[in-house]
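A.B. asks: My questions are about this predicted structure, shown below with the sequence.
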Amino acid sequence: MKTKVGIIGATGYTGVELLRLLLLHPEVEVAALTSQKYAGDEIDRVFPSLTSRLQVRCEELSLDRLSQKVDFVFTAVPHKTAMETVPLFYQEGKRVVDLSADFRFKDPTVYERWYQKHSCPELLRESVYGLPELHREEIRKAKIVGNPGCYPTGALIGLIPLVKRGMVSYENIVIDAKSGVSGAGRDVVLGSLFCEVNEAVKAYNIFKHRHLPEIEGELSHLTQKKITVTFVPHLIPMDRGILTTLYVSFVKQVKTDDVLNTFYEYYQKEPFIRIYPKGKVPNTKDVRGSNYCDIGVVVNESDGRGVIVTAIDNLVKGASGEAVQNMNIMLGYPETMGLDVVPLFP
């Protein structure tokens, strides 16, 4: 019997990407969709790309009615909205992957410093940060998974093996990340309009981006030491993708091959991590539409500096694909089910 899945907030970019992937999943039935704006409309009328693939009517959010229809819930809604809905599903015994930031932090004071007051801080103890490459066993048993942000996914995957093994200095990690415009969501916002982003690249929210505490928190938890990083996000004129360039200093002399071997060894069993050979670094075009994170390494052997480059699709491995990966882990399905797709090129 298939798992009946509901998506709260089905008509944003992450919502429709969830639908695209779930339609490839042989063990899932999309049973309920909510949308404030499109309540009453068939989803294939909202997104013609789904024509003849899915005929489910969007509905206004009714927690009781939705809970009766589904076994598993994705909340693809803005911050604060998720914390108003997840507690009921938790009480009803439903398992949830939340794509907002509402359940990414164990400490409510961290969340409240960067977002707003949390209305159910007691549930933060029950939630698990949903980066499978770091927390797979905890995710397997979790009732609530806080899906990571897109920037932290690309940054953490490129840093975890080096930080965990103490290969790099914790004092001067620099993260330069460039994201496509879909990362800002589907709402009409001045800064995301075509004339604002076309033919332009800009840095934004330096030292105050809300994904910074995720990155520093996970690295600090991993090392049991307080780690701070310099994180500079950029907006670039493309639809989707994140290229993350990580600048590190190695604590002892290493070669590019040594670092590559560390990545190969650490991620050898990870189905969605691809390590590039020496002399090659990733391009966002090579992961477009897929759940892959590609990694390349360059080491300046004369002075111990290193550059790690990762590429992800911010809507897939950075959001909806990772959410489906987490669902698979939670429900005991093969981790690649519904996600084993070749990237779209060009």
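C.D. replies: Cool, got the structure.
A.B. asks: how many neighbours does Ser49 have?
C.D. replies: When counting by other CB atoms under 10 Å, one arrives at 11 neighbours for Ser49. In this view, the C-beta of every residue, glycine as well, is placed from N, C-alpha and C.
A.B. asks: right, I mislabeled it, should have said Ala155
C.D. replies: Ala155: 31 neighbours (other CB under 10 Å).
A.B. asks: Could you double-check that it lies in contact with Ile175?
C.D. replies: Yes. The criterion here is CB atoms under 8 Å, and Ala155 meets it with Ile175 at 5.0 Å.
A.B. asks: which neighbours do the two share?
C.D. replies: Ile215, Phe231, Thr244, Leu246 (CB atoms under 8 Å, 6 or more residues apart in numbering).
A.B. asks: hang on, the last one is in a strand, isn't it?
C.D. replies: When you say that, I think you mean Leu246. Yes. Looking at Leu246 with DSSP: H, G, I helix; E, B strand; the rest coil, it is inside a strand.
A.B. asks: Look up which residues are beta-bridged to it.
C.D. replies: Ile175, Ile308 (DSSP bridges).
A.B. asks: can you pull the pLDDT of it?
C.D. replies: On pLDDT, Leu246 comes in at 98.
A.B. asks: Would you map the helices across the protein?
C.D. replies: 13-22, 43-46, 63-69, 81-91, 108-114, 132-141, 150-164, 194-197, 212-223, 256-266, 321-331 (DSSP state H).
A.B. asks: which ones are touching the residue lying closest to Lys278 once chain neighbours are set aside?
C.D. replies: Ranked by CB to CB, 6 or more residues apart in numbering and with sequence neighbours excluded, the top spatial neighbour of Lys278 is Thr256, at 5.4 Å. Residues counted as contacts of Thr256 (CB under 8 Å, 6+ apart) are Lys278, Val297, Val298, Val299, Glu301.
A.B. asks: Closest one of the residues you listed to Ala319?
C.D. replies: Val297 (25.4 Å; CB to CB).
A.B. asks: Who are the contact partners of that closest one?
C.D. replies: Thr256, Val259, Leu260, Phe263, Tyr276, Lys278, Gly306, Val307, Ile308, Val309.
A.B. asks: Which residues does it form beta bridges with?
C.D. replies: What pairs with Val297, by the bridge criterion (DSSP bridges), is Ile308.
A.B. asks: And it, how far from Val309?
C.D. replies: 8 Å (CB to CB, to the nearest Å).
A.B. asks: same check, this time on Leu61
C.D. replies: 40 Å.
A.B. asks: wouldn't Glu301 be in contact with Gln253 here?
C.D. replies: Yes. In terms of CB under 8 Å, Glu301 counts as a neighbour of Gln253; the distance is 7.1 Å.
A.B. asks: So which of the contacts of Val297 wins on neighbours?
C.D. replies: Ile308 leads the contacts of Val297 on contacts (other CB under 10 Å) with 25 neighbours.
A.B. asks: Can you lay out the contacts of Thr256 as a markdown table showing pLDDT and distance to Phe47?
C.D. replies: Shown next, in a markdown table, are the contacts of Thr256 (pLDDT from 0 to 100; distance: CB to CB, whole Å):
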| residue | pLDDT | distance to Phe47 |
| --- | --- | --- |
| Lys278 | 97 | 42 |
| Val297 | 98 | 39 |
| Val298 | 98 | 40 |
| Val299 | 98 | 45 |
| Glu301 | 90 | 50 |
